[in-house]
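Chemist: Got a predicted structure plus its sequence, pasted below:
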Amino acid sequence: MDVQQETNLLVEKFEYACKGLFAVTSRSTVTFEQGVYGCLVAKPTKRMKSALSIDRELFVVASTFNDQQQRTIKFLRQQIENSKGRFEPTVAIVLHNDSEGSAKLKVWGRDKGIAILALYGGGNLQNAQVLERSLCYELYSHDPFDVTGPVSDDANFYGRRDEALDLARKLQRGAIRSCLGVRKVGKTSIINRVLREIRQSYEAACLIVDCSRDEVWQLTAAQLLDSIALTAEELLTADSRYQNLRASTATNSLSTAIKRLELVLSRFSRPVVLVFDEIDYITPGSSTNAHWRTEFNPFWRNLRAIYQECTRQEKTLSILLGGVSALWFTVESIEGSENAALHFVPEEYLSPMALEATIAMIRKLGRVAGLQFEPEIAEHIARSTANMPYWARKCCSYIHRHLPINERPRPISIQHASSLVASFVQEEGSAIAEVAMRHLFRVHPTLEDAAAKCHKGESSVVQENLKRSLRRYGILTQGNALSGQMISAAFEALAVPAQVPTEADPKTPLALPRYDEWAEELAAIGKRRNILERRLRELTINFLRFDSMQGGKLATFRERVIAILPEKQRESLKHVSADDAIAKFNWTDLVKLIVKEWALFAQLLGDKGEFEQNCQIINDRFDAHAKAADSADFALYRRALGRVEERIAKIQ
């Protein structure tokens, strides 16, 4: 069968299955980049318009490639843009013959801001009932709210484009700027967006220093300056516009490193933008390396001198800092010496998003998930999550997971939404906010007492500059009350003394210096593990369900899920759904299921042995009984978590 015949067969299957759902008003064949595509224009019935939350015709593409490529999305997007508003701009249907194509097409579509309803010709085009079920499942089963890390793409970046554009523009002229805020407020996302704008629109060379990397914060001031010089030399030699820091542990003197950096910067013909992310790791308040109490001053004294020399030589050097606190750039002295960085870096905060922007984000993402958030409901979510975009998306993700997909699109009552928000705060939200608050108060201790007094209604006795900082961080409202349910719940949790282990020896060389830091490490990795486990659970059930649908074995789906359990446990789960059954799995059960079905996950999760080894490390839960753990244990645990998180993030 030739390509034209295969294409016609796919198109005819769709035309047969869509009767009563769509009216095909146009049909053609188009050649694009040496590929043949079948094209249909499908006019949805009133019921399908409501089911898919659309009001225009859908563009349908039939692609017969056995291995789908991104050019299918490129072709589809071009056709939608050329339609001049005739076709639905954010939803399209792709008919294909690639058994692994649906997942790829959806990911590529999301990157371009299009929800791709990918239909595999072997199983989704049997009749109208199967087609409708497949379309609704494809559209609404994906969680558009959930993000695992920093974002910069248009499909996920909300409310702060103007800030990023303004920063990118100012960094072309030798500016020194900062981007401060609590954890997960979007600092790294802003930095990523700024770097993206610079690379796309300007001729600057960007050098980024991620201070959270072990190989960075372990450096001395001289080694860090030397590493910046080494990386700048590589940028210059390669005529590149972006380079991550290459850490060097060479034992060059401070004066040698300074001269090397001055020399290489003098050779650049374009602006150089030096970006420090997670700057708190290399300040005197760093919990990871105490030597920055003495290295901080030499580093910033000499970097300031280099910056000033660049200005005199009419060379453009810009500096951007991202972190939690500007405390160490505002104190007059450190360790008895004058602070060389005093007021060198401006105290600029990435405050929570404007209420209107948060509401717009929630409602837009809600429509993609088939959830109709009325303005008052979106406002309730926004205020409860203190207008922190990451927190608001996590709350909406919780709501998405607790509402049946087969009932969408659907409105949500304010009572139901309020109940789900309260449950989210209790089960997940307070822990997320607690980690952010605990970290903020550790790097900026004076704010904790100020926030406590405001919480008690004693804001009149708190210094105005502290209240101003708390408002900029989003902890306080303009009325000096705590911002929303999540922060209030976190503050109540902080008031409860953390349990500490009785068997830990604080004199052990690798032991953390303070129990609150030990408890914070446990809280941080515990939160990451719980989020990872939940996402892995959802990913597993979705992969298995989709594979069962494709194979026409949806009736035995539950049995397939619980097959790895002992007979006694399987018996206890025989009356529950597959989703409820997997929700009762512990970590080891979940890993066993994934390993048993490895053929489905191999492409995503990589090496099977490495995955099992990382999962074994993750299962060693230090926080379960306040077990003793040192810095090496935490580092190993974070590495295992990071490797699995990185794999899963590929489908976001």
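Modeler: Okay, I see it.
Chemist: going forward, measure contacts between C-alpha atoms and count neighbours the same way
Modeler: Will do.
Chemist: what bits of the protein have low per-residue confidence?
Modeler: Applying pLDDT under 70 to the chain flags the ranges 1, 122-124, 138, 147-159, 496-521, 622-632, 650-652.
Chemist: Can you give the contact residues for stretch 297-308?
Modeler: With contacts defined as CA atoms under 8 Å, 6 or more residues apart in numbering, stretch 297-308 is touched by 221-222, 225, 258, 261-262, 317, 334, 339-341, 344.
Chemist: do stretch 245-254 as well
Modeler: 207-210, 215-216, 219, 221-228, 230-231.
Chemist: again, only this time at 6 Å
Modeler: Stretch 245-254 is contacted by residues 208-209, 222-223, 227, 231 when judged by CA atoms under 6 Å, 6 or more residues apart in numbering.
Chemist: According to the record, where do the domains of the chain fall?
Modeler: Following automatic domain parsing, one finds the domains of the chain at 3-140, 161-338, 371-494, 530-651.
Chemist: Distance to D146 and mean neighbour count for those domains - can I get that in CSV?
Modeler: Shown next, in CSV, are these (distance: least, CA to CA, whole Å; neighbours: other CA atoms under 10 Å):
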stretch, distance to D146, mean neighbour count
domain 3-140, 13, 18
domain 161-338, 13, 19
domain 371-494, 6, 19
domain 530-651, 9, 15
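Chemist: hmm, back to that, so which of the contacts of stretch 245-254 are in strands?
Modeler: 208-209 (DSSP state E).
Chemist: on that earlier part again, could the domains of the chain go into a markdown table alongside distance to P352?
Modeler: Below are these laid out as a markdown table (distance: least, CA to CA, whole Å):
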| stretch | distance to P352 |
| --- | --- |
| domain 3-140 | 24 |
| domain 161-338 | 7 |
| domain 371-494 | 5 |
| domain 530-651 | 23 |
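Chemist: out of those domains, nearest to A354?
Modeler: Comparison of the domains of the chain against A354 by CA to CA identifies domain 371-494 as nearest, at 7.0 Å.
Chemist: before we move on, the earlier item: of all the contacts of stretch 245-254, which two lie farthest apart?
Modeler: I208 and A222 (17.4 Å).
Chemist: Return the longest helix in the protein, judged by number of residues.
Modeler: Using DSSP state H, we find that the single longest helix of the chain is helix 515-550.
Chemist: what's the distance between the next helix-or-strand element following that one and the middle of its chain?
Modeler: Sequence order places helix 557-562 as the next helix or strand after helix 515-550, per DSSP states H and E. With CA atoms, centre = their mean, to the nearest Å as the basis, helix 557-562 stands 31 Å off its chain's centre.
Chemist: roughly how far apart are the closest residue to N244 other than its chain neighbours and M486?
Modeler: Nearest non-adjacent residue to N244, counting by CA to CA, 6 or more residues apart in numbering: I208, 5.0 Å away. I208 sits 33 Å away from M486 when distances are taken as CA to CA, to the nearest Å.
Chemist: now do F557
Modeler: 37 Å.
Chemist: Could you do E278 as well?
Modeler: Counting by CA to CA - E278 and M486 are separated by 24 Å.
Chemist: so Q478 is in which element?
Modeler: Q478 belongs to no helix or strand, assigned by DSSP H and E.
Chemist: Spatially nearest residue to it, not counting backbone neighbours?
Modeler: Per CA to CA, 6+ apart, closest to Q478 is R471, 6.9 Å.
Chemist: Could you list every helix and strand that the helix or strand where the one you found lies packs against?
Modeler: Here R471 sits within helix 464-473, counting by DSSP H and E. Contacts defined by 3 or more CA pairs under 6 Å, 6 or more residues apart in numbering; DSSP states H and E place helix 464-473 against no helix or strand at all.
Chemist: who touches that helix?
Modeler: By CA under 6 Å, 6+ apart, helix 464-473 touches 181, 351, 476.
Chemist: what packs against the helix or strand just after it?
Modeler: Once helix 464-473 ends, the next helix or strand along the chain (criterion: DSSP H and E) is helix 484-494. If you count contacts as 3+ CA pairs under 6 Å, 6+ apart, helix 484-494 packs onto helix 375-384, helix 430-443.
Chemist: Run the angle between helix 484-494 and helix 430-443 for me.
Modeler: Compare the direction of helix 484-494 with that of helix 430-443 by axes from the mean of the first three to the mean of the last three CA atoms, to 10 degrees and you get 60 degrees.
Chemist: Export helix 484-494 to PDB, keeping only CA atoms.
Modeler: Only the C-alpha atoms of helix 484-494 are listed here, as PDB (Å, rounded to 0.1, in the frame of the first residue of the first chain):
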ATOM      1  CA  GLY A 484      -3.900  33.600  52.200                       C
ATOM      2  CA  GLN A 485      -4.600  30.200  53.600                       C
ATOM      3  CA  MET A 486      -1.300  28.600  52.500                       C
ATOM      4  CA  ILE A 487       0.900  31.100  54.300                       C
ATOM      5  CA  SER A 488      -1.300  31.000  57.400                       C
ATOM      6  CA  ALA A 489      -1.200  27.200  57.500                       C
ATOM      7  CA  ALA A 490       2.600  27.300  57.000                       C
ATOM      8  CA  PHE A 491       3.000  29.800  59.800                       C
ATOM      9  CA  GLU A 492       1.000  27.600  62.200                       C
ATOM     10  CA  ALA A 493       3.200  24.600  61.200                       C
ATOM     11  CA  LEU A 494       6.400  26.600  61.900                       C
END
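Chemist: Done for today, thanks.
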